[in-house]
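Asks: Predicted model and sequence below, questions to follow.
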Amino acid sequence: MKSDSRKRGRLRLDERLRALHPIDRFRAPPKGWVRALRDALGMTGAQLGARIGVRPQTVEAIEKSEAAGTIQLNTLRRAAEALDCTLVYALVPNSSLETVIEGRARKIATRELQRVAHTMRLEAQDTDEADFESRVQTYIRDRLSERDLWNET
C-alpha cells in the first residue's frame, strides 16, 4: 500500500535526521561560517578571493550576505570548496515526521468530530464523550488520507 511505503520512508528519514539534533550545535557563528573558517585558517579575504576567483571586496560581500542569511547556496558551496570544506545542507524538522503527521491528522479529526458533536447537541442527540478518542482514531483511519492533511493551513 502506498501509505505504508510513505510511512516507512518517513521513519527512515526521521532516523537519518535524528543525528542532526540538537540543531543548536550547527548554529552559524555570528559573522558566518565563511568568516569564522577563514579567520581560523589565518587566510585573508584577498587569499580566499584568489582561491574562489573573485575580488577581495566580493569576499567581504559573500561573508556579509552569509551572516545576513541572504547568500545563495551555490555561492556558499564555492566558498566552502575554496576553504577545503563541504557544504552540508539539510531541513531538520522540529519533531519527527511521524509526529507531525499524527498531530495534523488528530487536529483535523478532532475539529470535524467536534463540529458534528455540536450539531448533534443542538438537535438534542448528544454523543458519549467517553468514546471520543476511539472516534478520533476511527475517523483518521477511515476518512483521512495523508494528502488530505495539507489542504488547509
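Replies: Perfect, I can see it now.
Asks: from here on, contacts and neighbour counts on C-alpha atoms
Replies: Fine.
Asks: Name the residues of stretch 109-116 that come out as buried.
Replies: Under the neighbour-count criterion of 16 or more other CA atoms under 10 Å, stretch 109-116 has Ala109, Thr110 buried.
Asks: what does it rub up against?
Replies: With contacts defined as CA atoms under 8 Å, 6 or more residues apart in numbering, stretch 109-116 is touched by Arg135, Val136, Tyr139, Ile140.
Asks: Now secondary structure too, for those, in TSV please.
Replies: Output for the contacts of stretch 109-116, formatted as TSV (DSSP: H, G, I helix; E, B strand; the rest coil):
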residue	secondary structure
Arg135	helix
Val136	helix
Tyr139	helix
Ile140	helix
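Asks: Pull out the buried members of those residues.
Replies: With neighbours counted by 16+ other CA under 10 Å, the contacts of stretch 109-116 contain buried members at Val136, Tyr139, Ile140.
Asks: possible to save these as a markdown table with pLDDT and distance to Arg25?
Replies: Shown next, in a markdown table, are the buried ones among the contacts of stretch 109-116 (pLDDT from 0 to 100; distance: CA to CA, whole Å):
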| residue | pLDDT | distance to Arg25 |
| --- | --- | --- |
| Val136 | 89 | 38 |
| Tyr139 | 88 | 40 |
| Ile140 | 88 | 37 |
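Asks: I am finished for the moment; much appreciated.
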